[in-house]
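Visitor: Turn this into a structure:
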Amino acid sequence: MSFSDTQRLFSGGNAPLSGVGSILQRLYLDGPLLGGLLMVCALGLVVLYSAVAQNMDLWIQQCMRLVVALVAMLIVAQLPPDLLRRWTPWGYLGGLILLIMVLAAGEVGQGAQRWLDIGIRFQPSEIMKLAVPMMAAWYLHDRQLPPKFMDLVVIGVLIIVPTVLIARQPDLGTSLLIAMSGVLVIVLAGLPIRVMVLLALASIPGAYVLWQFMQDYQKQRVLTLLNPDSDPLGAGYNIIQSKIAIGSGGLFGKGWTNGSQAQLEFLPERDTDFIFAVMGEELGLLGVLSLLALYLFVVGRGLYIAIQARDTFSRLLAGSISLTFFVYVFVNTAMVTGLVPVVGVPLPLVSFGGTSMVTLLAGFGILMSIHRHRKLLPH
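Guide: Residues are numbered from 1 along each chain as shown. Okay, here's the model as predicted:
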C-alpha cells in the first residue's frame with residue numbers, strides 16, 4: 001500500500017457528501033472515526049456478553065452506559081475548539097477540586113479511595129484524562145514552540161499535581177497514564193531529541209524513588225512480572241490464567257461463549273481488566289487481530305485529524321488524545337499477556353465500566369469538533 005493509499009484510508013476519501021454523510025456533517029460528527037468507534041463498541045459488547053453471561057444485568061448496564069457516552073460525544077462535538085480552549089482552565093481546576101474531595105471524603109472500594117457519590121457514582125480521575133492534556137495544550141497555545149525551559153517547568157507542575165493526587169488514592173496505573181497524556185503534548189510540541197534522552201536518563205533514578213513510595217501490593221505486581229510461577233496460586237494467578245486462556249484460543253478460538261477459562265470462572269476480572277483474554281480464548285487470534293486493526297484505524301484517523309487541525313491547541317490536543325488512546329490499548333494488551341505488570345487499566349470501549357467509556361467517547365467528540373470546525377478557523 002502506497003503512502004497516498006494510506007492517507008486516503010485515514011482521510012475517508014474526498015467523495016461529495018450526501019445522505020448519511022450530510023447528516024453527520026450537520027451534527028459535526030466525523031463519519032470514518034464514528035464508524036471505527038462503533039465497530040469497536042459493537043465487538044466489545046459481543047465479548048462482554050460472553051464474559052458476564054451469568055449476570056446479564058451488567059451487560060444491559062453497559063448498553064445503557066454506551067448510549068450515555070455516545071450522547072456525551074455528540075454534545076461535545078457541537079462545541080467549537082475555541083470555546084473548549086477558553087473553558088479548559090476552569091475544567092482543570094474543577095478536576096483538581098474533585099480529586100481533593102476524593103481524598104477527603106471519597107468512597108472506598110477494593111482497598112482504594114477513588115469514587116465520589118453525588119447522586120451519581122463516578123471516578124474524578126477519569127475527568128483528568130482529558131483535563132490534563134487540554135491544560136497542557138492550552139498553556140502552549142500562544143507560546144513559542146518548541147517550548148522553552150520555563151514552559152516545561154510550568155507544564156511539569158500542571159501534570160505532576162493531579163498525578164500525585166491520583167497516585168495517593170492509590171491508583172498508580174491511572175496516574176501514570178494521565179501523566180503520559182500530558183507528556184505526549186510536550187513531545188508533540190517539538191521537544192528536542194536531546195531533551196527527551198535526558199528525561200529518559202533521569203527516569204532511571206526516578207524509578208528508584210517511585211519504588212520507595214509504592215504500596216506493597218504494587219511492588220508485588222512488578223516482582224510477579226519477572227517470575228509469575230513463583231506464586232502460581234497467589235500473586236501470579238491472574239497472569240497465568242490469562243496466558244492459558246489466550247494460548248488455548250489458537251487461530252479461530254473455542255467459539256463465542258465456549259471459553260472454558262472464562263465460563264468456568266478460572267479467569268479473574270474477566271469483564272474488566274482481563275476481557276482481552278476472554279476474546280483471545282473464544283475468538284482466537286483472528287478475533288484479536290480484528291480488534292487491534294479497528295484500534296489502529298481509530299488512532300490513525302485521530303492522528304490525521306491532528307495533522308489537519310488549524311491551531312496549536314487543537315493540533316496538540318488531538319494528537320495527545322489519539323496517542324493516549326493507543327497507550328491505553330497497548331498497556332492493557334501487554335498487561336494480560338505478561339509483558340508489563342498488572343496495573344488495572346481497562347481495555348478501551350470493551351471492558352465493563354461507565355465513567356471510562358464516557359470520558360473516552362467525549363475525547364473523541366473533541367476530535368470530531370476539531371475536524372468539523374476547522375473550516376471556521378482562519379488559515
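Visitor: Go ahead and confirm Gln308 touches Arg374.
Guide: Yes. Contact criterion C-beta atoms under 8 Å: Gln308 and Arg374 qualify, at 6.2 Å. In this view, the C-beta of every residue, glycine as well, is placed from N, C-alpha and C.
Visitor: longest strand in the chain, by residue count?
Guide: Secondary structure assigned by DSSP state E gives strand 112-117 as the longest strand of the chain.
Visitor: Run me through the strand neighbours of the following helix or strand past that one, direction for each.
Guide: Note on strand 112-117: by DSSP states H and E, the next helix or strand toward the C-terminus is strand 121-122. Applying DSSP bridges, strand 121-122 is found paired with strand 112-117 (antiparallel).
Visitor: Can you list the buried residues in the strand it pairs with?
Guide: Neighbour-count burial for strand 112-117, counted by 16 or more other C-beta atoms under 10 Å, picks out Ala112, Gln113, Arg114, Trp115, Leu116.
Visitor: quick one: that strand to chain centroid distance?
Guide: A distance of 20 Å separates the centroid of the chain from that of strand 112-117, by C-alpha atoms, centre = their mean, to the nearest Å.
Visitor: Over to stretch 232-246?
Guide: Relative to its parent chain, stretch 232-246 has a centroid offset of 24 Å by C-alpha atoms, centre = their mean.
Visitor: Over to stretch 75-89?
Guide: Worked out by C-alpha atoms, centre = their mean, stretch 75-89 lies 20 Å from the chain centre.
Visitor: Could you list the buried residues of that stretch?
Guide: Neighbour-count burial for stretch 75-89 [16+ other C-beta under 10 Å]: Val76, Ala77, Pro81, Leu84, Arg85, Thr88.
Visitor: From the rest of the structure, what touches it?
Guide: With C-beta atoms under 8 Å, 6 or more residues apart in numbering as the test, stretch 75-89 has contacts from 27-29, 131, 134-135, 137-138, 141, 311, 313-314, 317, 362, 365-366, 368-370, 372-373, 376-377.
Visitor: That one: end-to-end distance?
Guide: One end of stretch 75-89 to the other measures 20 Å (C-alpha to C-alpha, to the nearest Å).
Visitor: can you give me phi and psi for Phe325?
Guide: Dihedral pair for Phe325: phi -60, psi -40, per degrees, to the nearest 10.
Visitor: Could I have the buried ones of the contacts of stretch 75-89 as PyMOL selection syntax?
Guide: Only the buried entries of the contacts of stretch 75-89 go into this PyMOL selection, using 16+ other C-beta under 10 Å:
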select buried, resi 28+29+131+134+135+137+138+141+311+313+314+317+362+365+366+368+369+370+372+373
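Visitor: Mind checking which of the contacts of stretch 75-89 land in helices?
Guide: 131, 134-135, 137-138, 313-314, 317, 362, 365-366, 368-370, 372 (DSSP state H).
Visitor: Just give the nearest non-adjacent residue to Leu96, would you?
Guide: Pro162 (6.2 Å; C-beta to C-beta, 6 or more residues apart in numbering).
Visitor: hang on, isn't that neighbour packed against Ser181?
Guide: No. Between Pro162 and Ser181 there is no contact under C-beta under 8 Å: 10.4 Å.
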